[in-house]
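A.B. asks: Mind looking at a prediction? Sequence and model below.
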Amino acid sequence: MERIPLGSRAAVVMALLMILAGCDPIASFSRITLNKPLTAQEAAFIQPKTTTFAQVVDQLGPPNELRGTAEGAVAVYYFLDGKRTRVNYTAPAQVVQALVPDLVVSVWGVGVDQLTIWFDDRWVALDYGFAFNKKIGQFRLLPAREAEN
Amino acid sequence: MDRRRMEVRAGHFDSPAWATAASWLLLGLSAAMSLTACTVVRGGIGDEFKAEQLATIQKGTSTRADVVAALGAPDRVVEANGHEVFQYYRYDIKSACLCLILLNFSRTNIKSDDLFVFVNKSGIVDEMVFGKRTKDMEFRAWPFGE
């Protein structure tokens, strides 16, 4: 079997990379995160009618939003974890045959979560709750497939 | 036909040293091309809170005017529990992309610093709450994991 010179191999590799450089990537994985996601465990220290606003701030930092209510106030912590998967399933075939059309499948999942804590007029916690959308924020290769729990 | 041309025809050409070096350089360039577009982006909303600015605000003595003189007008004013609450916020955004030829990985992190100043009905600062979430934020391109 004939040995292909190193220079030729290098030229072939370079040419292939230059061709591919003009293509879309086969797959992209992107993620966007807002603040540190809070968990139920991290908020478990909040005891209604006991925990104060100062204690909440000590543990979780200041809220992202504070609003006045008829009973007192509401503190809201926002956090988000968004994931995007984009796959061009025909990209490998385009290396051989440039006329093969794209088959791009892109799945976005943005879970905007929030922790809301209600306080009375003395800044003592009354209640708290999460709005969780975590299962939406997953990397998925097919849009038809439901996010897993 | 000389010996050199005969070797080329037979596919047994022995490259001189300069050609081997050039080939390796070409292969190195090819490898470098696979890292064609690594990007790092930084953005933000609002100015950073400086310690000396915050130090000028004293609980029990500073007035609403002192707060505004030190920090400017608040981004948001809320009334809660008999207090006027001034909120100042700042967002820091760090984004990195490892853009390989066949695969792209990118990650964007956004964090906020929030400052709340509680002003009582007499216009005096009762409390101040500040948190700096942005201090540990890093540029990361790898989107998986925590």
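C.D. replies: Arrived safely. A quick note: this is a predicted structure, and the numbers were derived from the prediction, not measured.
A.B. asks: Make sure A:Gln59 is indeed in a helix.
C.D. replies: Yes. A:Gln59: assigned to a helix according to DSSP: H, G, I helix; E, B strand; the rest coil.
A.B. asks: distance of it from B:Thr56?
C.D. replies: Applying CB to CB, to the nearest Å, the value for A:Gln59 to B:Thr56 is 27 Å. Any C-beta I mention is one placed from the backbone N, CA and C, and that applies to glycine too.
A.B. asks: same thing with A:Val74?
C.D. replies: 30 Å.
A.B. asks: And A:Leu103, by the same measure?
C.D. replies: Distance of A:Leu103 to B:Thr56, given as CB to CB: 61 Å.
A.B. asks: residue contacts, the residue positioned nearest the centre of chain B?
C.D. replies: Nearest to the geometric centre of chain B sits B:Lys94, at 2.0 Å (CA atoms, centre = their mean). Counting by CB atoms under 8 Å, 6 or more residues apart in numbering or on different chains, B:Lys94 makes contact with B:Val41, B:Arg42, B:Thr108, B:Asn109, B:Met137, B:Glu138, B:Phe139, B:Arg140.
A.B. asks: how about A:Arg94, secondary structure?
C.D. replies: For the record, residue A:94 is Gln, not Arg. Strictly by three-state DSSP, A:Gln94 counts as helix.
A.B. asks: List the buried residues of stretch B:74-91.
C.D. replies: Going by neighbour count (16 or more other CB atoms under 10 Å in any protein chain shown), the buried part of stretch B:74-91 is B:74, B:78, B:80-81, B:83-91.
A.B. asks: can you give me the helices in chain A?
C.D. replies: Counting by DSSP state H, chain A has these helices, from start to end: A:6-21, A:40-43, A:53-60, A:91-96.
A.B. asks: Hmm, B:Phe86 is touching B:Val77, no?
C.D. replies: Yes. At 5.9 Å, B:Phe86 and B:Val77 qualify as touching, with contact defined as CB atoms under 8 Å.
A.B. asks: one step back: so the residue nearest to the centre of chain B bridges to which residues?
C.D. replies: Beta bridges link B:Lys94 to B:Arg42, B:Asn109, judged by DSSP bridges.
A.B. asks: helices or strands next to the one helix or strand B:Asp126 maps to in the packing?
C.D. replies: In this structure, B:Asp126 is located in strand B:125-132 according to DSSP states H and E. Packing partners of strand B:125-132 (3 or more CB pairs under 8 Å, 6 or more residues apart in numbering or on different chains; DSSP states H and E): helix B:64-71, strand B:103-119.
A.B. asks: Tell me which of these is the most buried.
C.D. replies: Stretch with highest mean neighbour count among these: strand B:103-119 (a mean of 21; mean count of other CB atoms under 10 Å in any protein chain shown).
A.B. asks: how many degrees apart are that one and helix A:53-60 in direction?
C.D. replies: Taking axes from the mean of the first three to the mean of the last three CA atoms, to 10 degrees, one finds that strand B:103-119 is oriented at 160 degrees with respect to helix A:53-60.
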